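Colleague: make a model of this:
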Amino acid sequence: MSACVPTRANSTTKRDHRPHSPPPAPRRRFRIAGADVSASIAVFLIALPLSLGIALATGAPLQAGLVAAAVGGIVAGRIGGSPLQVSGPAAGLTVVTADLIHRYGWRTTCAITVLAGLAQLALGCLRVARGALAVSPAIVHGMLAGIGVTIAVAQLHIVLGGTPQSAVLDNLRALPAQLADVRPAALVVSSLTLALLLLWPRLPGRVGRLLRAVPAALVAVTGATTAAALGGVGLPEVELPSWRSHALAGLPEGPALGLVAAVLTITLVCSVQSLLGAVAVDKLVAARPAPAVHVGRSDLDRELLGQGAANIVSGSLGGLPVAGVAVRSTANVNAGAVSRNSTMLHGVLVVVATLLLVPVLELIPLASLAALVMAIGIQMVSLHHIRTVTRHREVLVYAVTTLGVVFLGVLPGVALGVAAAVAVALHRLTRTRITHDEREGVHHVHVRGQLTFLAVPRLSRALHLVPQGADAVVELDGSFMDHAAYETLQDWQKTHTAQGGTVEITGRRAGVRIAEPATLAALAAASGTDEPEGSPTDGSRAASADAGCRCRPWTAWRNHQCERPRPVPSDDGHPEGTDRLPPSGHELARGISAFQRHTAPLVRGELARLAREGQRPSQLFLTCADSRLVTSMITSSGPGDLFVVRNVGNLVPLPGEESGDDSVAAAIEYAVDVLRVRSITVCGHSGCGAMQALLNSEPGGARTPLKRWLKHGRPSLERLAGDAGDRPRLAVREPDDAVEQLCLANVVQQLEHLRAHESVARAVREGALELHGMYFHVGEAQAYLLSETDGSGVFDRVRAAELTV
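Modeller: Residues are numbered from 1 along each chain as shown. Have a look, this model is predicted:
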């Protein structure tokens, strides 16, 4: 019986030798990157004083700020969807929490925090996190500004040596009496804190750069604490009672509606601030140099789940509400963190400090913490945000939200802001400006705004100001037109064209065609297309050019289907009346006219910025002068992105050669030494006429300018004649012919010529410049990038799904 039972060793042996069993996975060892350790220390040094200051501002036990900081780092850091966002007690929650403590007491406030966490968990499970981003930025910034004003006014009383009231109006009314009874010691300590906060980040020189690595908040509080201890001023200091007497959450007590409103307020502020913070962290991560470890984008629904779990734990342990904190998250990213380990380790450091550094923390003057929090409150009223909402004409929404939060509270203030945003949107929808004027015999009817049935009477009056038989231009400067307005415009157009008039309908706003029925464009194309050249509307090619054109921006002139070529009398053997393209000068003029009408309004703002700031391209793109190679199209680039050099054959003459033309070398030197481009790309293409000419060239003959120029391509011919195994090739197929083979070899050869230029070689050695090779197959509309990692000269296809090179 025992002989039939395999031993453990035999069983293991058989299991190990099964033919299809995978090898055992190696055990993963837990490691923390050095960048995460240094980042966690930087964030911890910022979080410690800020957590105490925010707890002081809310009127909560000071330990509550430390609990929230630890829980935010460990729980939200581990579960949340934004790896580098640091959570903890946030200044944006100060006013709300202080009001709840004043109304319901501390234990009930903790219970409200737990319920808000449960609500966040529910929202995360419903996957509605993206919906929170639909809130107007003017409302969010206005809410934070209102909270900042409330914080600053309240903390100003502590800075002056007094005690703040619970409401903003009470604090404002008590401010004159407080100014008359200032405690000099508190004012000196607070002023020293503010001075260090302001001046420390501005220390000049190399020494200043080293000192700035220490957070300004820590330096300010440490300096003020040291000064107070040495001066013996006797100011109130931090008191951290024994953890045995720390109050935990209790059952909520109070009116049901008030508790529900409180939960909704905490949920709203925590969620919106955390989600917006996660999006901001993604932008910060994308802007820094590519790290060795990839940091994924934030999962907002998971982030909501992490914030909810953190609030449940924090509230249960007697901590403040938790949300993503912009100051700490920015410090975490800037310090080089690469994973969520930095956030979690900072939470662990807070726990260690809470247990071991109590005697040190109790030396901090409350006036110093109040000054720190007051500075944060002032910074929440951002001038950059005010300029942004003013530029987008949403300053009314911002002001209403800010004032509502200051005088009525967060939830009523946000509700007022939403109402103001809806009112502004409705006003813009119904406010349509319609004007009529005459310029050079052409009647212009300009409609600015959304064209709905409410504007039909004014539209009809303006259209009937156009005389019968006149040339008219109707400019629809909006993004929407309903059916009533469409029928009014359609009926008038039919009538006006039947009476001998012409109608040109332009329907773009910021380059996007308005939402009009397709037949309107056809009607527009049917009118005014046969007027003689030189008529007032010829420059815009009547109605068809604007209202009927469906050509893409990259459509070649001869392929524009929106216009019929005009009959040109034949004098060269073509049948008379044959449709032929007009002279190229006319095409150029029409193209420029189309640019001025359609494209210039789109790029005018960006070009104005570039004109003010100057060009700062990141790439030098050296390619052939072939007309089929449209650099901006194949690179999806815009104004200011590429510094482009084009010549016949995308050639780079070697330095010092007597070619009679230093334009390429001058452009390279200017791009590398003056513009400081970060990469240079040499781009060849299929069917290159210069490479065909090189292949067919014969010794001797007339020394034309073209032949003198093409001598810089002879090293490419020599490379092609070398060992066949060393020839550049495409990764996906063999070259079609000798011309394509030479095109590939020429790209590699010109990269070698680039390295011979002193400015390029120096920048490459310093790691400030990268060189890339590219081949574009015109017929396939396919780009290939040269892989230089192994020196094999292989051009690999760039796929549509690839995001990086």
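Colleague: which other helices and strands does the helix or strand harbouring residue 434 contact?
Modeller: Residue 434 is part of strand 433-439 when elements are defined by DSSP states H and E. Contacts defined by 3 or more CB pairs under 8 Å, 6 or more residues apart in numbering; DSSP states H and E place strand 433-439 against strand 442-448, helix 456-463. Where C-beta positions appear, they are placed from N, C-alpha and C, glycine not excepted.
Colleague: now do it: distance to the chain's middle.
Modeller: 39 Å (CA atoms, centre = their mean, to the nearest Å).
Colleague: average model confidence for it?
Modeller: For strand 433-439, mean pLDDT rounds to 90.
Colleague: how much does it deviate in direction from strand 442-448?
Modeller: 160 degrees (axes from the mean of the first three to the mean of the last three CA atoms, to 10 degrees).
Colleague: now the helices and strands packed on strand 433-439 as a markdown table including mean pLDDT?
Modeller: Converted to a markdown table, the helices and strands packed on strand 433-439 look like this (pLDDT from 0 to 100):
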| stretch | mean pLDDT |
| --- | --- |
| strand 442-448 | 90 |
| helix 456-463 | 89 |
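Colleague: and those: which comes nearest residue 644?
Modeller: Closest of the helices and strands packed on strand 433-439 to residue 644 is strand 442-448, at 37.0 Å (criterion: CB to CB).
Colleague: show me what that closest one is packed against.
Modeller: strand 433-439, helix 456-463, strand 471-477.
Colleague: would you agree residue 35 is in contact with residue 336?
Modeller: Yes. Counting by CB atoms under 8 Å, residue 35 touches residue 336, with 4.3 Å between them.
Colleague: circling back: possible to save the helices and strands packed on strand 442-448 as CSV with distance to residue 75?
Modeller: Formatted as CSV, the helices and strands packed on strand 442-448 follow (distance: least, CB to CB, whole Å):
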stretch, distance to residue 75
strand 433-439, 54
helix 456-463, 58
strand 471-477, 52
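Colleague: buried deepest among the ones you listed, which one?
Modeller: Compared across the helices and strands packed on strand 442-448, strand 471-477 shows the largest average neighbour count, a mean of 23 (mean count of other CB atoms under 10 Å).
Colleague: now do the very next helix or strand once past that one against helix 456-463, angle only.
Modeller: Using DSSP H and E, the helix or strand that follows strand 471-477 towards the C-terminus is helix 483-498. Angle of helix 483-498 versus helix 456-463, following the same axes, to 10 degrees, is 20 degrees.
Colleague: how much distance is there from the next helix or strand after helix 483-498 to the middle of the chain?
Modeller: Scanning forward in sequence from helix 483-498 by DSSP H and E, the next helix or strand is strand 502-506. Here strand 502-506 is found 38 Å from its chain centre; the criterion is CA atoms, centre = their mean.
Colleague: which strands and helices sit next to strand 502-506?
Modeller: strand 471-477, helix 483-498, helix 518-526, helix 542-543.
Colleague: tilt between that strand and strand 442-448?
Modeller: 30 degrees.
Colleague: now do residue 729 against residue 326, distance only.
Modeller: As judged by CB to CB, to the nearest Å, residue 729 and residue 326 stand 51 Å apart.
Colleague: more neighbours, these two?
Modeller: residue 326 (22 against 18; other CB atoms under 10 Å).
Colleague: wait, what's in contact with the more buried one?
Modeller: Contact analysis of residue 326 by CB atoms under 8 Å, 6 or more residues apart in numbering lists 277, 280.
Colleague: coming back round to it: paired strands for the strand holding residue 434, with orientation please.
Modeller: Using DSSP bridges, the strands paired with strand 433-439 in its sheet are strand 442-448 (antiparallel).
Colleague: alpha carbons of the partner strand, as CSV, please.
Modeller: These are the backbone C-alpha positions of strand 442-448, laid out as CSV (Å, rounded to 0.1, in the frame of the first residue of the first chain):
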residue,chain,number,x,y,z
VAL,A,442,-20.9,94.7,-51.0
HIS,A,443,-23.5,94.4,-48.2
HIS,A,444,-22.3,92.6,-45.2
VAL,A,445,-24.7,91.0,-42.6
HIS,A,446,-22.7,89.9,-39.6
VAL,A,447,-24.3,87.5,-37.1
ARG,A,448,-22.3,87.1,-33.9
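Colleague: show me where the stretch 651-800 of the chain has strands.
Modeller: Secondary structure of the stretch 651-800 of the chain, counting by DSSP state E, counting those that start in this stretch: strands at 679-685, 729-730, 770-777, 782-787, 794-797.
Colleague: before we move on, back to that, least confident of the helices and strands packed on strand 502-506, on average?
Modeller: helix 542-543 (a mean of 34).
Colleague: after that one comes which helix or strand?
Modeller: Scanning forward in sequence from helix 542-543 by DSSP H and E, the next helix or strand is helix 584-594.
Colleague: in that following helix, which residues are buried?
Modeller: 590, 594 (16 or more other CB atoms under 10 Å).
Colleague: those strands in the stretch 251-400 of the chain, which residues are they?
Modeller: 323-324.
Colleague: any regions of it where pLDDT drops low?
Modeller: Applying pLDDT under 70 to the stretch 251-400 of the chain picks out residues 289-293.
Colleague: same question, the stretch 451-600 of the chain
Modeller: Within the stretch 451-600 of the chain, the stretches with pLDDT under 70 are 479, 507-585.
Colleague: go again using 50 as the cut-off
Modeller: 508-548, 550, 561, 563-581 (pLDDT under 50).
Colleague: which residues touch the closest residue in space to residue 686 that isn't next to it in sequence?
Modeller: Excluding the flanking residues, the one nearest residue 686 by CB to CB, 6 or more residues apart in numbering is residue 777, at 4.6 Å. Contact partners of residue 777, counting by CB under 8 Å, 6+ apart, are 685, 686, 783, 784.
Colleague: check residue 777 and give its pLDDT.
Modeller: pLDDT, read off for residue 777, is 92.
Colleague: dump the strands of the stretch 651-800 of the chain to JSON lines, plus distance to residue 172.
Modeller: Below are these laid out as JSON lines (distance: least, CB to CB, whole Å):
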{"stretch": "strand 679-685", "distance to residue 172": "57"}
{"stretch": "strand 729-730", "distance to residue 172": "74"}
{"stretch": "strand 770-777", "distance to residue 172": "58"}
{"stretch": "strand 782-787", "distance to residue 172": "64"}
{"stretch": "strand 794-797", "distance to residue 172": "67"}
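Colleague: residue 473 and residue 504, how far apart?
Modeller: According to CB to CB, residue 473 stands 5 Å off from residue 504.
Colleague: right, I mislabeled it, should have said residue 606
Modeller: 27 Å.
Colleague: which parts of the stretch 51-200 of the chain are helices?
Modeller: 62-71, 77-79, 94-104, 106-125, 129-132, 137-159, 168-180, 184-199 (DSSP state H, counting those that start in this stretch).
Colleague: now for the fourth one, which elements pack on it?
Modeller: Based on contacts counted as 3+ CB pairs under 8 Å, 6+ apart, the elements that helix 106-125 packs against are helix 94-104, helix 256-287, helix 300-316.
Colleague: got TSV for these, with distance to residue 193 and mean neighbour count too?
Modeller: As requested, the helices and strands packed on helix 106-125 are exported to TSV (distance: least, CB to CB, whole Å; neighbours: other CB atoms under 10 Å):
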stretch	distance to residue 193	mean neighbour count
helix 94-104	18	23
helix 256-287	25	20
helix 300-316	27	26
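Colleague: perfect, that will be all.
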